[in-house]
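*Asks:* Test case, fold it:
(2 chains)
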Amino acid sequence: MHFLTWPSRYGDLLRYLVRRDLAVRYRRSAIGFLWTMLQPLMTLAVIYVVFSYLFSDRLPDYPVYVLSGLLWWNFVSQGITSGMTSLQSNKGLLVNFPLPSEIFVISATLAGLVNLALSLIPLLVILLVVGHPISPALLFLPVSMAIAFTVVLGLSLALAPMAVFFSDVVELTRVILQMLYFAVPVMFPVSILPESKQWIMTANPLYSSLRAFRDPIYLGRLPDLEAVLISLLLAAVSLSIGAYFLGRSRNQLHFHL
Amino acid sequence: MAGAKSVIRLRDVSVCYRLANHRISSFKEWMIQLVRRNLQHRDLWALSQIDIELEPGDRLGVLGRNGAGKSTLLKVIGGVLRPTTGSVEVEGRLVPLLALGTGFDAELTGLENIYLNALLLGRRRAEIDERVPEIVAFSGLEDFIHAPIRNYSAGMIARLGFSVATAWRPDIILIDEVLAVGDAGFRQRCLDRLEELCERRCTVVLVSHSDNQLLEACDRGLWLDHGLCLADGPIEEVVGAYQEAQLRPAPEETGLESEAADRQ
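*Replies:* Residues are numbered from 1 along each chain as shown, chains lettered A, B, ... in the order given. Coordinates of the predicted model:
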């Protein structure tokens, strides 16, 4: 892949694909992009009603904890789901134009990133409503989002070609994501597990990416270097696997799509 | 554009698809077969040892039965597929005009689709801004350009595709059966436009099942069968030979693909 000429050759197309991915999602909906902001708030309301009695003594400003986790989670799960299936959903373009196949995975993931950025608005509202201190550490968020983006992109790139060859990969990933939702502390504290069992959550490399995103918001401090490094490592490994698979399978992709 | 260099050179090009003997679509099944060392597949040669050399202004018509490798050939020339062996050299700006509506999104408007399609063909945004009025005018769709193309007829979509594809006066254009749709008026318009492009020394590769269209639009013919080149020469001769072969009772499947070795 020609990393240097890539942006100038495909930048305009990529921007257009992202716009299309975003626009098509809300086509024929009356309030369009507002859904991006309303949906996490509605989920937050449900979780708050159900769980706040359980956890709010251990987690002050519980809504902030949940919402920051939810936004990150929505990006990860939706990003992987749409990135993984992006080769199939852009089949018509992929088999007919001499384009690098990664462009569709990147555009799907970027569309998710735009949604994440938009949903920072309701997060800010909740911060103000709850009266949670707004720390300068929030300025680190763009970096955290870039890390999460690279992680999701890497996983999607690795899964996308597999999803073309084996349709079970899509189903399997959905199930794994569902399990991960409970294996990563999105709506409860790590401390619900006894200390000896907490590694079940903390060993998960995705948890590092969550910490990089949530710590500046909820704890008001920069994330640990360790969390940043682990998530970057995850991103690098999955990016290389993805690039390798995608590079090797081009001709076979055409036949299976 | 006259004198622009447009050369296509295919040397000993073969394309091989790896076909599983039983379509394995589940990961579990694949693992089981892998463990049993039973992953058999046969190699299907969609193209075998094709040599083509085209000069500027050549108009090549490709004919053959379904599955003969015609579309694969276009994809190899268009750079969408890499050949398994052999080399492909293409010089000049190439535009593929493939199946109807490829590169269009039904939910987007005609205008948005012009952008999408042109970007897919490798144009930059600024270039497109400049050329949009001309494209819209040539397509004759001014009244519908802001409507989503799911409301377009097949003929209208073909018009739009053809207008975008030819807007930048390509050096090479690959056409896969698209001209078959649309009314007689539209077809004539396309043929005229192709004629005009050829006067500019544009190279055309046309895949068609219509002998008349091939005779009308091309000067050279290539007959493919099971991925092999059976004839290459003046279009009248190739079409004649092809028609003659069609009149004979269909020969048994030559089974090029079935003789391919089963491998582990």
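
*Asks:* how many neighbours does whichever residue of the stretch 151-264 of chain B sits closest to chain A have?
*Replies:* Scanning the stretch 151-264 of chain B for proximity to chain A using Cβ to the nearest Cβ identifies residue B:176 as nearest, at 9.1 Å. C-beta coordinates here come from the backbone N, C-alpha and C atoms, glycine included. Counted by other Cβ atoms under 10 Å in any protein chain shown, the residues lying close to residue B:176 total 24.

*Asks:* What separation do you get for it and residue B:216?
*Replies:* Applying Cβ to Cβ, to the nearest Å, one obtains 17 Å for the distance of residue B:176 from residue B:216.

*Asks:* Residue A:153 now?
*Replies:* In this structure, residue A:153 lies at 49 Å from residue B:216, with Cβ to Cβ as the measure.

*Asks:* quick one: which of the two has more around it?
*Replies:* Neighbours per residue (other Cβ under 10 Å) separate residue A:153 from residue B:216, with residue A:153 holding more: 25 against 16.

*Asks:* show me the contacts for residue 9.
*Replies:* Using chain A. Neighbouring residues of residue A:9 by Cβ atoms under 8 Å, 6 or more residues apart in numbering or on different chains: residue B:122.

*Asks:* looking at chain B here, not the other one
*Replies:* B:52-54, B:87-90.

*Asks:* Report the buried members of the residues you listed.
*Replies:* B:52, B:54, B:88, B:90 (16 or more other Cβ atoms under 10 Å in any protein chain shown).

*Asks:* just so I have it, where are all the helices in the stretch 1-150 of chain A?
*Replies:* Taking DSSP state H, counting those that start in this stretch as the criterion, the stretch 1-150 of chain A carries its helices at A:6-26, A:34-55, A:62-84, A:86-89, A:91-94, A:102-118, A:120-130, A:141-165.

*Asks:* Distance to residue B:170 for the ones you listed - can I get that in a markdown table?
*Replies:* What follows is the helices of the stretch 1-150 of chain A, written out as a markdown table (distance: least, Cβ to Cβ, whole Å):
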| stretch | distance to residue B:170 |
| --- | --- |
| helix A:6-26 | 18 |
| helix A:34-55 | 40 |
| helix A:62-84 | 33 |
| helix A:86-89 | 27 |
| helix A:91-94 | 19 |
| helix A:102-118 | 22 |
| helix A:120-130 | 45 |
| helix A:141-165 | 30 |
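
*Asks:* quick one: which of the ones you listed is nearest residue B:248?
*Replies:* helix A:91-94 (37.4 Å; Cβ to Cβ).

*Asks:* What helices and strands are in contact with the worst-scoring helix or strand of chain A on mean pLDDT?
*Replies:* For chain A, counting by mean pLDDT, DSSP states H and E, helix A:250-256 ranks last in confidence among helices and strands (a mean of 72). Helices and strands touching helix A:250-256, by 3 or more Cβ pairs under 8 Å, 6 or more residues apart in numbering or on different chains; DSSP states H and E, are helix A:141-165, strand B:7-20.

*Asks:* from those, which stretch is densest packed?
*Replies:* Each of the helices and strands packed on helix A:250-256 was scored by mean neighbour count; the highest is helix A:141-165, a mean of 22, by mean count of other Cβ atoms under 10 Å in any protein chain shown.

*Asks:* Who are the packing partners of that one?
*Replies:* helix A:62-84, helix A:86-89, helix A:102-118, helix A:168-183, helix A:205-214, helix A:225-248, helix A:250-256.

*Asks:* Now do the same for the residue in the stretch 51-200 of chain A positioned nearest to chain B: its pLDDT.
*Replies:* Per Cβ to the nearest Cβ, the residue of the stretch 51-200 of chain A with the smallest distance to chain B is residue A:98, at 3.8 Å. What the model reports as pLDDT for residue A:98 is 82.

*Asks:* can you give me phi and psi for it?
*Replies:* When read as degrees, to the nearest 10, the backbone of residue A:98 gives phi -80, psi 70.

*Asks:* cool, and residue A:189?
*Replies:* Dihedral angles (degrees, to the nearest 10) for residue A:189: phi -80, psi 160.

*Asks:* ok, now how distant is it from residue A:201?
*Replies:* 10 Å.

*Asks:* ditto for residue B:116
*Replies:* The separation that residue B:116 has from residue A:201, given Cβ to Cβ, amounts to 43 Å.

*Asks:* any low-confidence regions in the chain?
*Replies:* Picked chain A for this. Confidence mapping of chain A against pLDDT under 70 gives the ranges A:1-3, A:27-28, A:30, A:251.

*Asks:* My question was about chain B, not that one.
*Replies:* Judged by pLDDT under 70, chain B has its weakly predicted residues at B:1-6, B:19-27, B:36-41, B:99-101, B:178-183, B:249-264.

*Asks:* how about the residues of it near chain A?
*Replies:* Residues of chain B found near chain A (Cβ under 8 Å from any Cβ of the partner chain) are B:15, B:17-19, B:24-28, B:30, B:75, B:78-82, B:84, B:96, B:98-99, B:102-103, B:105, B:107-108, B:112, B:115-116, B:119-122, B:124-125.

*Asks:* Write a ChimeraX command that selects only the buried members of these.
*Replies:* In ChimeraX, this line selects whichever of the residues of chain B next to chain A come out buried by 16+ other Cβ under 10 Å:
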select /B:15,17,24,27,30,75,78,80,81,84,96,98,99,102,103,105,108,112,115,116,119,120,121,122
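
*Asks:* Am I right that residue A:254 is in contact with residue B:81?
*Replies:* Yes - with contact taken as Cβ atoms under 8 Å, residue A:254 and residue B:81 are classed as touching, separated by 6.1 Å.

*Asks:* Overlap of the contact sets of those two?
*Replies:* Listed as contacting both residue A:254 and residue B:81 by Cβ under 8 Å, 6+ apart are residue B:75.

*Asks:* In JSON lines, list the helices and strands packed on helix A:250-256 along with distance to residue A:248.
*Replies:* Conversion of the helices and strands packed on helix A:250-256 to JSON lines gives the following (distance: least, Cβ to Cβ, whole Å):
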{"stretch": "helix A:141-165", "distance to residue A:248": "8"}
{"stretch": "strand B:7-20", "distance to residue A:248": "12"}
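
*Asks:* Looking at those, which is nearest to residue A:131?
*Replies:* Among those, if distance is taken as Cβ to Cβ, the winner is helix A:141-165, at 19.6 Å.

*Asks:* Compute the distance from the centre of that closest one to the centre of its chain.
*Replies:* How far helix A:141-165 lies from its chain's middle: 8 Å, per Cα atoms, centre = their mean, to the nearest Å.

*Asks:* Repeat that for stretch B:64-71.
*Replies:* In terms of Cα atoms, centre = their mean, the centre of stretch B:64-71 is set 11 Å apart from its chain centre.

*Asks:* can you pull the contacts of the closest residue to chain A within the stretch 51-200 of chain B?
*Replies:* Taking Cβ to the nearest Cβ as the measure, the point where the stretch 51-200 of chain B comes nearest chain A is residue B:79, at 3.8 Å. Listed by Cβ under 8 Å, 6+ apart, the contact set of residue B:79 reads A:98, B:88, B:90, B:94.

*Asks:* Ok, residue A:107 next?
*Replies:* A:14, A:17-18, A:21, A:86.
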